[in-house]
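Undergrad: just need the structure, nothing else, for what follows:
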Amino acid sequence: MERKPVLTTTEITTELELHVQEPIDGHPLWGSRFLVKDRAACLKAYQNLIRSGAGVLMTNTYQATPDAFVKHMGLTEREAADIFEDSVKICQQAIELEKKKGEVSICGAIGSLNALRGDGSEYSGEFCNTYSDQEYLDMHRPRVKALVDSGVDFLCFETLPCSKEALFLIGLLEEFPNVKAWISFFGRNTKEISNGEIFADVAVKCWEKGEDRLLAVGVNCLDPAWVTPLFKSLKAANPNIPFIAYPNSGEKYDTESKR
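TA: Below is the predicted model of the structure:
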């Protein structure tokens, strides 16, 4: 069967910026806070993305955790626990309003443990070797479960800085046999991911461990000029691994200004 590219979206951030009254950057929850502050803006952003041809909507949960919503948004623990379900419902509502049910899928977006620090370390790979499996489990399992229980079509683990976290997440998927995911790393140049590991080597490791659970392996939030060399390196290592890429506009993240 012929494989065709699918137009996807990432965190709705660029579109969301057009509909909110304050900068998205510079807050611990990033764009996820607008699930509470401006639900209507999130809905409108998703509708516009669908109208632009998006075949996949990613939930606005990249940097979301229940604890963070309690701490930074003043929610109760119960309200915070419902955030992931709410994020899926907004996507579902946008699909229904645009009459695209069955044509547009919903992907549950989950960022790395480093992304939750809010210090940009997902781009540097710092701290990768300091986390234990229990820390990964405590942070990732509740988010995965909440999104799966809310009815996402699949998951994405994105802007991952190292193979250690990716391989853990692939193992975690064994607890959720009815859902698949793609794995996406931050590419820091034409060969390496955040912590200096070779992308092609890491992608092969991931595919060997979770071929039956993975939709694709790829890169995101990187200079678009690096995508083709990374793609070619992967195809040279294993031409059968599906590749996914969603780069930025070429800008670099400033860990000091958080922009």
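Undergrad: got any ranges where the stretch 101-250 of the chain has weak pLDDT?
TA: 249-250 (pLDDT under 70).
Undergrad: for the nearest residue to residue 84 once chain neighbours are set aside, phi and psi?
TA: Once flanking residues are discounted, residue 84 sits nearest to residue 146: 3.6 Å by Cβ to Cβ, 6 or more residues apart in numbering. Placement of C-beta: from N, CA and C, glycine included. Note on residue 146: its backbone torsions stand at phi -60, psi -40 [degrees, to the nearest 10].
Undergrad: distance check, residue 146 against residue 91.
TA: 14 Å (Cβ to Cβ, to the nearest Å).
Undergrad: neighbour count: those two, which is higher?
TA: residue 91 (29 against 21; other Cβ atoms under 10 Å).
Undergrad: so what does the host helix or strand of the more buried one touch, helix or strand wise?
TA: Assessed by DSSP states H and E, residue 91 sits inside helix 83-97. With contacts taken as 3 or more Cβ pairs under 8 Å, 6 or more residues apart in numbering; DSSP states H and E, helix 83-97 sits against helix 34-37, helix 39-51, strand 56-58, strand 105-111, helix 133-149.
Undergrad: taking helix 39-51 as reference, get the angle to that helix.
TA: If you take axes from the mean of the first three to the mean of the last three Cα atoms, to 10 degrees, helix 83-97 sits at 50 degrees to helix 39-51.
Undergrad: wait, which of the helices and strands packed on helix 83-97 is closest to residue 228?
TA: strand 56-58 (21.9 Å; Cβ to Cβ).
Undergrad: for residue 170, which non-adjacent residue is closest in space?
TA: Spatial nearest neighbour of residue 170, excluding adjacent residues (Cβ to Cβ, 6+ apart): residue 210 at 3.7 Å.
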